[in-house]
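Chemist: my questions are about this predicted structure, shown below with the sequence.
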Amino acid sequence: PQPPPQSTAMWAHTAVLAVVASVANAQGGSDDATELARAKEQIAELEAEVKQLRAALPEELRGTTSAVPTHLVASVKMQEIQYEELILAGVGTVMLVLWMLPVIRPFKYYCETRLHKVYPFLTVINFLALAFTLNQLYMISFNQVFFGLVAGFEKGLAIVQQILLGLSGLCVLLVVWKFKDRVFEFLGVENPSAVFGDFR
């Protein structure tokens, strides 16, 4: 199978640079006319191949610009990805507010006995709003949102694990300090207060 046009063009461009370097070395270090003529022929062949490959590329891939997509917000340009992230954050905030409404006054009085009906309805509304939002965004997909939530949940679990380990170590120290007299008595120390002293 033939390589894609972009990779072949890059290879041809690299080869051109290598041949040009060899030509420069040939001109500066030796007067071998045969080698110089052969190098020029190779350059011409590679340049023709590059032109053919560029002509084979689609129109949207022929540009050399690498500008980041931007969005105009109140006469201020900002990156498209940041604009879409702000939209997604706003939709997420609205979803959380909708989920909290049934347990907040004055809605709590009307929804307290109907939570089993209200929350499924709100969940469907929220997921429809999220699906519509993701359908309108160009640079953020559902997969990115899902794996982002998974990564955030994983980081949250790691932080909770560290906190629990620290609290467990603190509890162990408190238990040891509480029963230090019995521990030293078990170890054979007759006067533990002479080792640690007492609080005054």
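Modeler: Thanks, I have it.
Chemist: contacts, neighbours, all on C-alpha from now
Modeler: Fine.
Chemist: hmm, residue 91 and residue 130 touching each other?
Modeler: Yes. Contact criterion Cα atoms under 8 Å: residue 130 and residue 91 qualify, at 7.1 Å.
Chemist: run the chain-centre distance for the helix ranked longest in the chain.
Modeler: The single longest helix within the chain, with elements called by DSSP state H, is helix 142-178. When C-alpha coordinates are averaged (Cα atoms, centre = their mean, to the nearest Å), helix 142-178 and its chain have centres 21 Å apart.
Chemist: moving C-terminal of it, what's the next helix or strand?
Modeler: With elements assigned by DSSP states H and E, the helix or strand that comes after helix 142-178 is helix 180-187.
Chemist: of all the residues in that next one, which ones are buried?
Modeler: Residues residue 181 are the ones in helix 180-187 that count as buried (16 or more other Cα atoms under 10 Å).
Chemist: what do you get for stretch 33-43?
Modeler: Buried residues in stretch 33-43, counted by 16+ other Cα under 10 Å: 36, 39, 42, 43.
Chemist: which of those lies closest to residue 106?
Modeler: For these, the closest approach to residue 106 (Cα to Cα) belongs to residue 43, at 79.5 Å.
Chemist: helix/strand/coil for that closest one?
Modeler: Here residue 43 takes the helix state, with states given by DSSP: H, G, I helix; E, B strand; the rest coil.
Chemist: picking that back up, what's the angle from the longest helix of the chain to helix 180-187?
Modeler: For the pair helix 142-178 and helix 180-187, the angle between their directions (axes from the mean of the first three to the mean of the last three Cα atoms, to 10 degrees) equals 70 degrees.
Chemist: which residues in the protein form helices?
Modeler: So, for the chain - with DSSP H - the helices run 5-29, 33-56, 80-100, 107-111, 115-136, 142-178, 180-187, 193-196.
Chemist: quick one: mean pLDDT for the last one?
Modeler: Confidence for helix 193-196, expressed as mean pLDDT, is 60.
Chemist: pull out the buried positions in stretch 83-93.
Modeler: Neighbour counts using 16+ other Cα under 10 Å place 83, 84, 88, 91 of stretch 83-93 among the buried residues.
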